[in-house]
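1. got a sequence here, can you build the structure:
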Amino acid sequence: MKKAACLMLVVAVLLTGCTSTSPDLPPDDDPSLPTVEKLGFSGGNIGAGGLMGGDGQGWVYYRSEMAGWHLYKARLDGTEKTKISDDYPSLINVLGGWVYYVNYQDQFSLYRVRTDGTDRQKLVDGYCGNLFVAESGMYFDLRDASNSPQVYKANLDGSGMELLVPDMSIAYYRDGVVYSHNTARLCSYDLETGTLRNLIEGYVHSVCVNQDCIYYWLADADTYCRADLDGGNVEVLARGGDYYSFSGHTLYFQGYGGSNNDYVCLYGLDTGTGEVTPWLSLSDQYFGDQGELLGVTLVQLREGTVELPESLFGPDGSFMGYSESADYTYVIEDRAFTRGNLRSNLLQTGRVSCWILLDGASGTAWD
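-> Predicted coordinates:
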């Protein structure tokens, strides 16, 4: 017999006002707010990996968990599922009838294809990353011969490549300003003036910018913060969470629920009111590869309070059970999604991983 234990993350949100009621549908970036140009992305979706994007007209474009990681589209309710490309996409942007993405199958080169699946084009050859597409062009990283990221701009057809910021990665783009970062700082680059300005010191990640503020995770301090566009008036919004993603007025993050961090949850923090709402609450039970319950909870395994048979451990001593999980939240129009594991999906389809529609309860397998 063996005992096993693991560490759990404790979430401490600084803005209080939690509720156990189901959430309203999440707002995407408010279209009434001023912006200079149309964007192919919204909120924190690209910072979350860009595995899902939307066209603002009821279509979701995504890397399918159920269909071999290929590029698909479907309606918000999951109907009319259609393959767009056999490519393995990430950093998905949708603008002007095109889907832009980085293709894992071609060493992360940059591609686009029409939303009906025709006219697939390779735009930039090389290891690209952190793609933000706008009417004014594409803003992205491209690794150089030393494997160091460089921030570039190109036209929407891939022509007119221009180096903007050397030896940094792009963190966000909005209204003529490119936000770039390295492990030491976050900077802004003004496309009109060519001015590069230091904004925030430290390793910054999961950046989102709206018309008023910069939202970001400061990894060095394990805090998610809000600052003015010039980097001033820094305010800590949350600490101790994981998989932060900001959209509309809501900060989404992974944490735990129950009196003893019993199960995985996804929460939404309304940054205006401070109210924290659970968007997803997963099971506290471990299960086998056929979906059978193993009679052990996350807490029992973590604290080593239950004796487990040798058959539940692999040759290397690792525990063989599955648990439900979730990571980043993606917001597409009035829906919120995450990638994770659901026991119900395993029982229904034979696959544990899926896209999950957040419903304020245990979630619904969407793809």
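2. for the host helix or strand of residue 140, which strands pair with it and how are they oriented?
-> Residue 140 is part of strand 137-143 when elements are defined by DSSP states H and E. Using DSSP bridges, strand 137-143 pairs in its sheet with strand 128-134 (antiparallel), strand 149-154 (antiparallel).
3. among these, which comes closest to residue 297?
-> strand 128-134 (38.5 Å; C-beta to C-beta). For the C-beta atoms, the positions are set from N, CA and C on the backbone; glycine is no exception.
4. pLDDT averaged over the closest one - what is it?
-> Averaging pLDDT along strand 128-134 gives 97.
5. now do stretch 62-82
-> pLDDT averaged over stretch 62-82 gives 96.
6. if we can go back for a sec, can you tell me which of the strands paired with strand 137-143 is packed in deepest?
-> Here the criterion is mean neighbour count by mean count of other C-beta atoms under 10 Å, and of the strands paired with strand 137-143 the winner is strand 128-134, at a mean of 24.
7. how about residues contacting it?
-> The contact list for strand 128-134, computed with C-beta atoms under 8 Å, 6 or more residues apart in numbering, reads 37-41, 46, 50, 91, 93, 95, 100-102, 108-110, 138-143, 149, 156, 169-173.
8. could you list which of those belong to strands?
-> Secondary structure from DSSP state E places 91, 93, 95, 100-102, 109-110, 138-143, 149, 169-173 of the contacts of strand 128-134 in strands.
9. quick check: the nearest residue to residue 101 once chain neighbours are set aside vs residue 336, distance?
-> Leaving out its chain neighbours, the residue that sits closest to residue 101 by C-beta to C-beta, 6 or more residues apart in numbering is residue 89, at 3.7 Å. Counting by C-beta to C-beta, to the nearest Å, the gap from residue 89 to residue 336 is 20 Å.
10. and for residue 309?
-> With distances taken as C-beta to C-beta, residue 309 is found 39 Å from residue 336.
11. my guess is residue 113 meets residue 103, correct?
-> No: between residue 113 and residue 103 there is no contact under C-beta atoms under 8 Å: 10.0 Å.
12. which residues are common contacts for those two?
-> residue 87.
13. note down every partner strand of the helix or strand harbouring residue 237 and its orientation.
-> Using DSSP H and E, residue 237 maps to strand 235-239. Using DSSP bridges, the strands paired with strand 235-239 are strand 12-13 (antiparallel), strand 223-228 (antiparallel).
14. can you list contacts of the following helix or strand past it?
-> Counting by DSSP H and E, the next helix or strand C-terminal to strand 235-239 is strand 242-247. Outside strand 242-247, the residues that touch it by C-beta under 8 Å, 6+ apart are 9, 26-29, 42-45, 47-48, 206, 208, 215, 217, 224, 238, 251-255, 266, 271, 326-331.
15. hang on, residue 279 packs against residue 264?
-> No: counting by C-beta under 8 Å, residue 279 sits too far from residue 264 to count as a contact (11.6 Å).
16. can you spell out the domain ranges of the protein, please?
-> Domain segmentation of the chain under automatic domain parsing yields 1-31+249-367, 34-209.
17. can you list the ones you listed in TSV and add distance to residue 230?
-> Below are the domains of the chain laid out as TSV (distance: least, C-beta to C-beta, whole Å):
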stretch	distance to residue 230
domain 1-31+249-367	19
domain 34-209	7
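18. check these for me: which has the lowest mean pLDDT.
-> Taking the mean pLDDT of these, domain 1-31+249-367 comes last: a mean of 85.
19. show me how far that domain is from its chain's centre.
-> Mean-position distance between domain 1-31+249-367 and its chain equals 15 Å (C-alpha atoms, centre = their mean, to the nearest Å).
20. use 550 as the first number for this chain going forward.
-> Done: numbering now begins at 550, and the last item shifts to domain 550-580+798-916.
21. re the thing from before, which one of residue 858 and residue 885 is surrounded by more residues?
-> residue 885 (26 against 9; other C-beta atoms under 10 Å).
22. ok, and the closest non-adjacent residue to the more buried one?
-> Leaving aside its sequence neighbours, residue 885 sits nearest to residue 907 (C-beta to C-beta, 6+ apart; 4.3 Å).
23. could you do residue 790 as well?
-> Leaving aside its chain neighbours, residue 790 sits nearest to residue 802 (3.6 Å; criterion: C-beta to C-beta, 6+ apart).
24. who does the strand or helix carrying that neighbour pair up with?
-> Using DSSP H and E, residue 802 sits within strand 799-806. In the sheet, strand 799-806 lines up against strand 791-796 (antiparallel), strand 812-819 (antiparallel) (DSSP bridges).
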